[in-house]
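Participant: Give me the fold of what follows.
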Amino acid sequence: MTTTGQTVYIETYGCQMNVSDSELMLGKLAAEGYVPVDTPDEADVILVNTCAIRDHAEQRVIGRLGELKRNMRPGAIVGVTGCMAQRLGPVLLEKARHVSLVIGPDGYRALPQLVQRARDGERAVETSFDLEEHYEDFAPRRYDKVKAWIPVQRGCDYKCTYCIVPFTRGAERSRQLDDVVREATQAVADGILEVTLLGQTVNSYFDGSNDFGALLRAVGAVPGLRRLRFTSPHPNDFTDAVISAMAEVPAVCEHVHLPMQSGSTAVLKRMLRRYTREGYLECVARLRERIPGLALTTDIIVGFPGETDADFAETVSLVQEIGFDDAFTFKFSPRDGTPATKMPDEWQVPDDVAASRLATLIEVVRAGSRQRNLTLLGSRREVLVEKAARRGDLLQARSRDYKTVLLSGDESTIGQYVTVELTGTTGSTFTGSIVRDRAPLPIAT
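Facilitator: Modelled structure (predicted):
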């Protein structure tokens, strides 16, 4: 089936895996003749690729679907894809009568046929799991021309009690190492010299023969690849082999996003995180011992059922002891179907208490980040200029250790590696000036 002249717009919510999935969908539809457009009111086909990790994300999508209905062009169709689609299935068709398609993360192979059926007036749902699906024959249409997201694993086997991912993305399965290397090699050939490997617990990767350490070494050896990142790992899966690969492969960047979730062993046990406070600290120590200058960021949940003031104090103290460079912090959001929703009523933390704890935690994280960042002023970093910044005429760049640097420059600098001196900080980001005694290195030849 080949379609000509039809336009498609994909709007993405959630994590980097969703961004990658949107690139796969866009590539699949482009191969069938669909033309990507930049706004939904230009599109014959509108796809909203969704997240289900928190209730707030789902409510945003429901609201957005209403906005799209008011502004879509006559004859256009709307589909919902991704984790929210997987979780709600046919219910979405009832909640939003103008939605024609509901497709889960394993259903994108049939996307062109499902779209055509919707264009013919049929409403369709595809939410079955396919534990063999990695979309190896898809050619992603990448949004970002500077760096590439490459999935190496889909699904998750950990089953943390608060998490909906195992229910929306299924059981864990890993791509073959050679397939990942092939995609990374193609990205470099396309002029992209920074790659991020994606997985729900990416460092538990195992393709039947190769572990994550072997994958880092293989991808890191791709000729021309300059930077290699990964997200998100699990503390339990940092084996000696993985840490050695991180320390020994020059392309691997000195940054790890290491979800902590709580600093209390009691809360971690209720979360079924499968490590203790002490185990997390040990993981951090092993990483820092082998990788000097390692930057650490994390995820933290407050207000989980049963969390006491003492538990929260343990979270604050662990944040201060470790000294994270940054943290994504959240109030607990119950998701239907997860074990956390079945915990006793008396364990529930009042919303005002959770909100107060979140505000306290954010200030602790920001204060620590600000203090550490002030000590870096005057130092130099090699940064990759990624894009125009949201404010002013500045550019946004990022260092190997994941520091965001805003700098003046022409947009022709985007895609180049330059050396900057850090001249100021807001506490979370830096301002910098390009050091002119080193010529910028182009991202592609």
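
Participant: Tell me how this protein divides into domains.
Facilitator: Partitioning the chain according to automatic domain parsing yields domains covering residues 7-126, 147-374, 380-442.

Participant: Out of those, the one nearest residue 139 is which?
Facilitator: With Cβ to Cβ, the closest approach to residue 139 among the domains of the chain belongs to domain 7-126: 4.8 Å. Every residue, glycine included, has its C-beta placed from N, CA and C.

Participant: What's the mean pLDDT across the closest one?
Facilitator: Rounded to a whole number, the mean pLDDT of domain 7-126 is 92.

Participant: so what does the host helix or strand of residue 63 touch, helix or strand wise?
Facilitator: Using DSSP states H and E, residue 63 sits within helix 55-71. With contacts defined as 3 or more Cβ pairs under 8 Å, 6 or more residues apart in numbering; DSSP states H and E, the packing partners of helix 55-71 are strand 45-50, strand 77-82, helix 83-88.

Participant: returning to that earlier point: wait, which of the domains of the chain is closest to residue 138?
Facilitator: domain 7-126 (4.8 Å).

Participant: related to what we said a few turns ago, got the contact list for the helix holding residue 63?
Facilitator: 11, 13-14, 40-41, 46, 48, 50-52, 78, 80, 84, 95-96, 98-99, 333-335 (Cβ atoms under 8 Å, 6 or more residues apart in numbering).

Participant: buried subset of those residues?
Facilitator: Among the contacts of helix 55-71, those scoring as buried are 11, 13-14, 40, 46, 48, 50-52, 78, 80, 84, 96, 99, 333-335 (criterion: 16 or more other Cβ atoms under 10 Å).

Participant: which residues in the stretch 151-300 of the chain form strands?
Facilitator: 153-154, 173-174, 194-198, 227-231, 255-257, 295-302 (DSSP state E, counting those that start in this stretch).

Participant: With respect to burial, which of those scores highest?
Facilitator: Among the strands of the stretch 151-300 of the chain, the stretch with the highest mean neighbour count (mean count of other Cβ atoms under 10 Å) is strand 153-154, at a mean of 26.

Participant: Each with direction, which strands does that strand pair with?
Facilitator: For strand 153-154, the pairing partners within the sheet under DSSP bridges are strand 173-174 (antiparallel).

Participant: What mean pLDDT does the strand it pairs with get?
Facilitator: With pLDDT averaged residue by residue, strand 173-174 scores 96.

Participant: what does stretch 186-205 give?
Facilitator: The predicted model assigns stretch 186-205 a mean pLDDT of 96.

Participant: So which residues of the stretch 101-250 of the chain form helices?
Facilitator: Under the criterion DSSP state H, counting those that start in this stretch, the stretch 101-250 of the chain carries helices at the ranges 111-119, 165-169, 177-189, 212-220, 240-248.

Participant: so which of those helices comes closest to residue 340?
Facilitator: In this view, the helices of the stretch 101-250 of the chain are compared for proximity to residue 340 by Cβ to Cβ, and helix 165-169 is the closest at 12.5 Å.

Participant: Other residues contacting that closest one?
Facilitator: With contacts defined as Cβ under 8 Å, 6+ apart, helix 165-169 is touched by 52-53, 82-84, 86-87, 104-105, 154-159, 200, 337-338.

Participant: which of these are buried?
Facilitator: By neighbour count, with 16+ other Cβ under 10 Å, the contacts of helix 165-169 hold 52-53, 82-84, 86-87, 104-105, 154-156, 158, 200, 338 as buried.

Participant: Of these, which is the nearest to residue 404?
Facilitator: Lowest distance from residue 404 to the buried ones among the contacts of helix 165-169 (Cβ to Cβ) belongs to residue 53, with 23.1 Å.

Participant: which residue packs closest to that closest one, ignoring adjacent ones?
Facilitator: Nearest residue to residue 53 in three dimensions, chain neighbours excluded: residue 164, at 6.3 Å (Cβ to Cβ, 6 or more residues apart in numbering).
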